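What follows is a protein structure lacking sequence information:
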């Protein structure tokens, strides 16, 4: 299946972000168990997240990207791009 990378930058105040960020992590754990999350990590100092989705198509990747609790609460912005893993 195609891979898509989402970069998410946190834009909200830290005290509001932390409780919602845990909900975001829960969503990532669920995506991992469903086989739809290839890789995920947090950017330093609470700046955001980077995730690679392994999904059927771009529409599914966008649906997932928009459904993050951080995005839904207006505490983060995101960008989605196709990801092509290099065979080195």
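Here it is on my side, so go on. All of these numbers come straight from a predicted model, not from anything done at the bench.

could you pull out the helices for the protein?
Assigned by DSSP state H, the chain shows helices spanning 14-33, 58-66, 69-72.

Rebuild those helices as CSV, extending it with distance to residue 39.
C-beta here means a position set from N, CA and C on the backbone, and glycine is covered the same way. Below are these laid out as CSV (distance: least, Cβ to Cβ, whole Å):
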stretch, distance to residue 39
helix 14-33, 9
helix 58-66, 14
helix 69-72, 18
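
TSV for these, including mean neighbour count?
Shown next, in TSV, are these (neighbours: other Cβ atoms under 10 Å):
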stretch	mean neighbour count
helix 14-33	14
helix 58-66	16
helix 69-72	18
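
Residue 68 contacts residue 21, doesn't it?
No: applying Cβ atoms under 8 Å as the test, residue 68 and residue 21 come out as separate, 9.7 Å apart.

right, and the helices of the chain - which one's nearest residue 81?
The closest of the helices of the chain to residue 81 is helix 58-66. By Cβ to Cβ, the value is 9.5 Å.

Contacts for the closest one, please.
Helix 58-66 has contacts (Cβ atoms under 8 Å, 6 or more residues apart in numbering) with 2, 4, 6, 31, 36, 53, 55, 71-72, 78, 80, 82.

ok, now stretch 74-88?
The contact list for stretch 74-88, computed with Cβ under 8 Å, 6+ apart, reads 2-12, 16-17, 20, 48, 52, 58, 61-62, 65, 68, 70-71.

how long is stretch 64-81 end to end?
13 Å (Cα to Cα, to the nearest Å).

Quick check, central residue of the chain?
Nearest residue to the geometric centre of the chain (Cα atoms, centre = their mean): residue 51, 4.7 Å.

What is the neighbour count of the nearest residue to it once chain neighbours are set aside?
In space, and not counting its chain neighbours, residue 51 is closest to residue 40: 4.3 Å by Cβ to Cβ, 6 or more residues apart in numbering. Per other Cβ atoms under 10 Å, the neighbour tally for residue 40 reads 17.

what's the answer for residue 49, then?
Neighbours of residue 49 under the rule other Cβ under 10 Å: 22.

contacting residues around it?
6-8, 24, 40-43 are the contacts of residue 49 under Cβ under 8 Å, 6+ apart.
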